[in-house]
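1. coords please:
(4 chains)
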2 protein chains.
Amino acid sequence: MTTPNRVTIRDVARRAGVSVATVSRVLGGDYPVLAATRAKVMRAVRELDYVPNAHARNLSAARPGAIAIVVNSVAVPYYALIAQAVEEQAAQEGRLSLICTTGGDTGRELSIVQLLREQRAEAVILVGSVIVDEEYRKRMTEYAHALAAAGSRLVLCGRPPLGEGAPALVVGFDNTGGAHAVTAHLLSAGHRRILYLGLRPGHTTSDSRVAGYRSALAEYGVAADPSLEVEAEFNREAGYAAMNRRLAAGPPDFTAIFAGNDLVAAGAIQSLREHGLRVPEDMSIVGYDDVPPAQDLGLTTVHLPHDELGRAAVRLALGRMGGNPLTLGTHIVVRDSVRPLGPR
Amino acid sequence: MTTPNRVTIRDVARRAGVSVATVSRVLGGDYPVLAATRAKVMRAVRELDYVPNAHARNLSAARPGAIAIVVNSVAVPYYALIAQAVEEQAAQEGRLSLICTTGGDTGRELSIVQLLREQRAEAVILVGSVIVDEEYRKRMTEYAHALAAAGSRLVLCGRPPLGEGAPALVVGFDNTGGAHAVTAHLLSAGHRRILYLGLRPGHTTSDSRVAGYRSALAEYGVAADPSLEVEAEFNREAGYAAMNRRLAAGPPDFTAIFAGNDLVAAGAIQSLREHGLRVPEDMSIVGYDDVPPAQDLGLTTVHLPHDELGRAAVRLALGRMGGNPLTLGTHIVVRDSVRPLGPR
DNA sequence: CATTGCTCAGTAACCGGTTACTCACGTGGA
DNA sequence: TCCACGTGAGTAACCGGTTACTGAGCAATG
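-> The predicted structure is shown next:
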């Protein structure tokens, strides 16, 4: 107990009365070994409780590496669903996958990527939207080249493609299309003053949702009103705080809300409730992502095929799929948070 | 690009005009090296973009291993919160941690544990409640011994301690206490017919919550009624289905519900809503865990210190803490799902 | 009976690091 | 001037596997 079990392949070989090569062959693979010999080896393995050392194995022979998925936080449903889907798919492919979290910290992200390079991970799946600036682009391009040089694939999920030549695969959701559709849903219900809650300039996910929102407005001939686009990070607290501020400033000058994602919607709904406004009677609201809170809130939202994304990411990571960059379609899920307005 | 970058320490040594030992020393540690030599080496490392091979490193010198956390599914908030807490704490301790998921499949759990043994993980944190039977006990005891023999620690979270001598550390929540408290909360609000939704014989978490429920009833002199204890797995769908069945059988013969966890409560609330029963006006309900759906539902529930559990698990895993088995306290979070009943 | 060819097992080199041991060299004291 | 000593660097063994190469033993063939 005090001395860790350091049973090596040589111990097994000695016990079984064979050579290390034979043991390795019995354990390893397809090399022909007499049934009797195999039995002797297996018995020795069992008796000694031999566990091959993955590091040694990996060192001598390049084996399929792990698939790593790097997310912000596993406590955010959006990431959790994707991570789960990746794990499922990887398991189906018989691969080890591991989830790493950065907490949104660039420094931690860097050290995780470095660590995955050292581990010779086969693929790194980076998930999540980010502020895309020059510094980001530079960092990602570095990752991409470094990982490619080490023989690993880099898959970006829900992030814009890198520049030409950067060896990164990309898969994401159709944010603009979904945002357009859900905004149109509000418009066709008669809403004309729709608050977009979740502005984040430079943040690609938000930017493309705003784009869909604006294009839908334009399509219905509604002039965009900048005062109806308010900033909020994509979490519950930000939605709550932003809505509180807006309602504190006076009675709402809008009849519906398009929240940047479901968490923002959840926060906004709490704020509305605390201000005595009911959903959907007094205020319509839609979200985005279709993550767990949406169902409990009866929130009309845009469903994202998280499973599909996870599957695609793994298959891209394993080089089983072309078609890059890949955009996955979305669809509206109508629940109970939108109330039709009579035409004025 | 086609040939993976196989820059080794010898390449670096050659380029820097020094020996491999010197390179290793510059990179590795505290051995004295002339500043000029160090500079030469660092430059060569940079120029060649050398990345040390973690496997080789691990093979020659035993280094601190990874901390692995094994959960059912990261898409279940309870697990996600704990996993997140473990990751945070591990990061603070400067350790690599990785999350693995089993999907509740015993076979997959086994192969993950095996794989972690092969990887020489430093510690394995197994989270989540399970059906504890003879087979389970045997399996866990095997894991415990195997991991211990390999020099790894095994930490069980939210599971009962193994038998004497099995080298496993244990930390969990006070389920009986929390269940007692939250049931007492309902009782003191005047409720006498309280449905327990989430019976799962043999399932330790549920069993201890039932125990708390019953002891609170006894304390208030209310006779336990077996027809008020109904089975349901600990997820949303089960809660929904069980409640549907119950309501289909006739009008409710209870005034309050104690759901086995918040997900069950969420499902039950949906069912109630669909049957035209409002919370809390027509039906009081409490949950357990205080995971995200609870806040959105305004659910009175029992808060579990997930963060604390994660921290404790890591510290136990690193041998930084005694006091085993460790039970963490809980407290009620009162929201808006319980309505006082006048004394009859 | 000699030769060829096939099956199965062993020997030893190698994967890419770390580190015990050895040694060259410059300095200060006798 | 000679020797002891401290400093910084090199050589080579080793970690625990895999596998190319070699070879023993035996059946089939000529």
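2. residues near residue A:227, how many?
-> When neighbours are counted by other Cβ atoms under 10 Å in any protein chain shown, residue A:227 registers 8. Every residue, glycine included, has its C-beta placed from N, CA and C.
3. state the distance from it to residue A:287.
-> Taking Cβ to Cβ, to the nearest Å as the measure, residue A:227 falls 21 Å from residue A:287.
4. do the same with residue A:218
-> Taken as Cβ to Cβ, the span from residue A:218 to residue A:287 is 22 Å.
5. of those two, who's got more company?
-> Applying other Cβ under 10 Å to residue A:218 and residue A:287 shows that residue A:287 carries more neighbours, namely 32 against 12.
6. quick one, what contacts the more buried one?
-> A:259, A:261, A:262, A:264, A:265, A:266, A:294, A:299, A:300, A:301, A:302 (Cβ atoms under 8 Å, 6 or more residues apart in numbering or on different chains).
7. up against chain B, what does the stretch 51-200 of chain A have?
-> Within reach of chain B by Cβ under 8 Å from any Cβ of the partner chain, the stretch 51-200 of chain A has these residues: A:51-59, A:73-75, A:77, A:80-81, A:83-84, A:87-88, A:91, A:96-101, A:103, A:108, A:114-115, A:117-120, A:146, A:148-151, A:167.
8. isn't residue A:148 right up against residue A:165?
-> No - between residue A:148 and residue A:165 there is no contact, the gap being 10.4 Å when judged by Cβ atoms under 8 Å.
9. re earlier: and the two most separated of the contacts of residue A:287?
-> Largest separation among those by Cβ to Cβ: A:266 and A:302, giving 15.0 Å.
10. quick one, phi/psi of residue A:157?
-> Phi and psi for residue A:157, reported as degrees, to the nearest 10, are phi -110, psi 130.
11. ok, and the closest non-adjacent residue to it?
-> For residue A:157, the nearest residue in space outside its immediate sequence neighbours is residue A:127; the separation is 4.3 Å by Cβ to Cβ, 6 or more residues apart in numbering or on different chains.
12. burial of the one residue in the stretch 201-344 of chain A that gets nearest to DNA strand D, as a residue count?
-> Closest residue of the stretch 201-344 of chain A to DNA strand D, Cβ to the nearest atom of the strand: residue A:318 (19.8 Å). Other residues within reach of residue A:318, judged by other Cβ under 10 Å, total 18.
13. which residues of the stretch 101-250 of chain A fall in strands?
-> In the stretch 101-250 of chain A, the strands defined using DSSP state E, counting those that start in this stretch lie at A:123-127, A:153-157, A:169-173, A:194-199, A:229-231.
14. quickly run through the sheet partners of the longest one, with directions.
-> This means strand A:194-199. Using DSSP bridges, the strands paired with strand A:194-199 in its sheet are strand A:229-231 (parallel), strand A:256-259 (parallel).
15. if I look at the residue lying closest to residue A:136 once chain neighbours are set aside, how far off is residue A:311?
-> By the measure of Cβ to Cβ, 6+ apart, the closest residue to residue A:136 outside its immediate chain neighbours is residue A:130, 6.1 Å from it. To residue A:311, residue A:130 is 23 Å away according to Cβ to Cβ.
16. before we move on, the earlier item: how about CSV for the strands of the stretch 101-250 of chain A, with mean pLDDT, mean neighbour count and distance to DNA strand D added?
-> Rendered in CSV, the data for the strands of the stretch 101-250 of chain A read as follows (pLDDT from 0 to 100; neighbours: other Cβ atoms under 10 Å in any protein chain shown; distance: least, Cβ to the nearest atom of the strand, whole Å):
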stretch, mean pLDDT, mean neighbour count, distance to DNA strand D
strand A:123-127, 94, 26, 21
strand A:153-157, 93, 24, 22
strand A:169-173, 94, 24, 28
strand A:194-199, 97, 25, 51
strand A:229-231, 96, 16, 54
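17. closest to residue A:271 out of these?
-> Residue A:271 lies closest to strand A:194-199 among the strands of the stretch 101-250 of chain A, at 10.2 Å (Cβ to Cβ).
18. wait, residue A:18 sits on residue A:39?
-> No - with contact defined as Cβ under 8 Å, residue A:18 and residue A:39 do not form a contacting pair (11.2 Å).
19. what about the closest residue to chain B within the stretch 151-300 of chain A, how many neighbours?
-> When you check the stretch 151-300 of chain A against chain B by Cβ to the nearest Cβ, the closest residue turns out to be residue A:151, at 3.2 Å. Residues near residue A:151, counting by other Cβ under 10 Å, number 18.
20. chain neighbours aside, what residue packs nearest to residue A:181?
-> The spatial neighbour of residue A:181 that comes closest, neighbours along the chain excluded (Cβ to Cβ, 6+ apart), is residue A:332 at 5.5 Å.
21. what's next to the helix or strand where that neighbour lies, contact-wise?
-> Following DSSP states H and E, one finds residue A:332 within strand A:331-333. Residues outside strand A:331-333 that contact it (Cβ under 8 Å, 6+ apart) are A:178, A:181, A:182, A:185, A:290, A:294, A:300, A:301, A:302, A:303.
22. show me which of those residues is closest to residue B:323.
-> Within the contacts of strand A:331-333, proximity to residue B:323 (Cβ to Cβ) peaks at residue A:294, which comes in at 41.2 Å.
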